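K.L.:
Please work out how this folds:
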Amino acid sequence: TTLHRKLLPILRRINNGQFHSGQKLADEFGLSRASIFNVINQAESLGITIHAVRGKGYKLPDKVEWLAEDEVLRELGTIADDFSIRIDDSADSTNSVLMAAALAGAPDGAVFCVEHQYAGKGRRGRRWQAGLGGGLTFSVLCRFERGLQSMAGLSLVAGLALARAINKHSRHPAQLKWPNDVLVGYRKLGGILVEVQGDMNGAAFAVVGMGLNVHLREAQRENIDQAVIDLAEMGVTAGRNQLLADCLRELHSALQLFREHGFAALRAAWMELDAYVGKDVSLLLPNTQAVHGVAAGIDETGAFLLRDADNNLVAYNGGEISLRLRPRS
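P.N.:
Residues are numbered from 1 along each chain as shown. Okay, the predicted model is just below:
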């Protein structure tokens, strides 16, 4: 669903702990009372709790920290100039919007972030669910001069940056699942979707989409087909502007190494957070064949290493491969 164009301005208005009468909101935003009522209903259908009291009006009982470009830039400090950040209320998919901007010439370091994403893309055709004010959904544009071949392992670099940013604030360590999930206790906390365009050896770019569960509501959890966790459950209290800045800062420093030395320079750091190394696993390949073995980490290009029954190490690569734990029989 697309948002009513005045939904977020109204939510920001009633976010100060005071009641605001429906009539005053209608006057302020140039809407009818019925439209205000519809906006409030849409907010509640998206999981926002609103206190409505007859004769007093509406307020948000729990203050929501809405995303703000100036706050993110302030948190970024000395590297703020390396990013151009745009935050919108709503979009179908941050990756789609940034991909179009990239093709129109947007600079390296362009960031697009939304409060509400209504057709977010996950891996293998899945949808990424993010509730209003309860997630962090953004995409970053990374341009490369040495072509698509210089990008091997980029989604792992992004996952490492995301995990490092979270681990600054959490007592429960975030770990990594190849190729692009961030887990806590084998439950999914965040995911990466990298889309690339360009030449094998010339100019190329990647749009790196990141999604992080900050506060999932019950209705959302029921719509997700895998075990999930959010930062609220983990006791993380950092605000979303701080978290976005930390993700960008970690990505910035990881990318500097990656651009200079390739993925090999980050392999050891990724392996330290590998949730699957040494575990019995199954890999589901694009042709629906399943292969079994013991996870043996990753190689210097970011390919997954599987030790098979004959003790051979086999490397697997490709975004359409699915990794699963195998219960020991």
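K.L.:
residues of whatever helix or strand residue 8 lives in that come out buried?
P.N.:
In this assignment (DSSP states H and E), residue 8 forms part of helix 7-13. For helix 7-13, burial by neighbour count (16 or more other Cβ atoms under 10 Å) applies to 7, 8, 10, 11, 13. Backbone N, C-alpha and C define where each C-beta goes, glycine included.
K.L.:
okay, and for the stretch 101-250 of the chain, where does confidence drop off?
P.N.:
Counting by pLDDT under 70, the ranges of the stretch 101-250 of the chain that qualify are 120-131, 218-223, 225.
K.L.:
Can you show me the strands along the stretch 151-300 of the chain?
P.N.:
Taking DSSP state E, counting those that start in this stretch, the strands of the stretch 151-300 of the chain run over residues 175-177, 181-184, 187-198, 204-213, 280-284, 290-298.
K.L.:
Figure out which of these is closest to residue 31.
P.N.:
Among these, the nearest to residue 31 by Cβ to Cβ is strand 204-213 (31.7 Å).
K.L.:
what helices or strands is that closest one leaning on?
P.N.:
Here strand 204-213 touches helix 94-103, strand 135-144, helix 154-167, strand 187-198, helix 240-261, going by 3 or more Cβ pairs under 8 Å, 6 or more residues apart in numbering; DSSP states H and E.
K.L.:
Let me have the strands of the stretch 151-300 of the chain in CSV, extended by mean neighbour count.
P.N.:
As requested, the strands of the stretch 151-300 of the chain are exported to CSV (neighbours: other Cβ atoms under 10 Å):
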stretch, mean neighbour count
strand 175-177, 22
strand 181-184, 24
strand 187-198, 20
strand 204-213, 25
strand 280-284, 17
strand 290-298, 18
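K.L.:
Ok, which of those strands comes nearest residue 87?
P.N.:
Among the strands of the stretch 151-300 of the chain, strand 204-213 comes nearest to residue 87, with 14.2 Å by Cβ to Cβ.
K.L.:
Paired strands for that closest one, with orientation please.
P.N.:
When pairing is defined by DSSP bridges, strand 204-213 lines up against strand 135-144 (antiparallel), strand 187-198 (antiparallel).
K.L.:
Switch the ones you listed over to a markdown table; also include distance to residue 35.
P.N.:
Output for the strands paired with strand 204-213, formatted as a markdown table (distance: least, Cβ to Cβ, whole Å):
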| stretch | distance to residue 35 |
| --- | --- |
| strand 135-144 | 26 |
| strand 187-198 | 35 |
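K.L.:
Tabulate the buried residues of helix 7-13 in a markdown table, adding columns for distance to residue 64 and pLDDT.
P.N.:
As requested, the buried residues of helix 7-13 are arranged in a markdown table below (distance: Cβ to Cβ, whole Å; pLDDT from 0 to 100):
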| residue | distance to residue 64 | pLDDT |
| --- | --- | --- |
| 7 | 13 | 87 |
| 8 | 10 | 86 |
| 10 | 12 | 89 |
| 11 | 7 | 88 |
| 13 | 12 | 89 |
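K.L.:
Tabulate the residues you listed (CSV), appending distance to residue 309.
P.N.:
Listed next are the buried residues of helix 7-13 as CSV, based on distance: Cβ to Cβ, whole Å:
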residue, distance to residue 309
7, 56
8, 55
10, 61
11, 56
13, 63
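K.L.:
what's the closest of those residues to residue 191?
P.N.:
Closest to residue 191, out of all of the buried residues of helix 7-13 and judged by Cβ to Cβ, is residue 8, at 24.3 Å.
K.L.:
Distance check, that closest one against residue 39.
P.N.:
Distance, residue 8 to residue 39, by Cβ to Cβ, to the nearest Å: 10 Å.
K.L.:
got it, and residue 169?
P.N.:
33 Å.
K.L.:
Compare those two (neighbour count), which wins?
P.N.:
Taking neighbours as other Cβ atoms under 10 Å, residue 169 and residue 39 compare with residue 39 leading, 25 against 16.
K.L.:
Alright, calling it a day.
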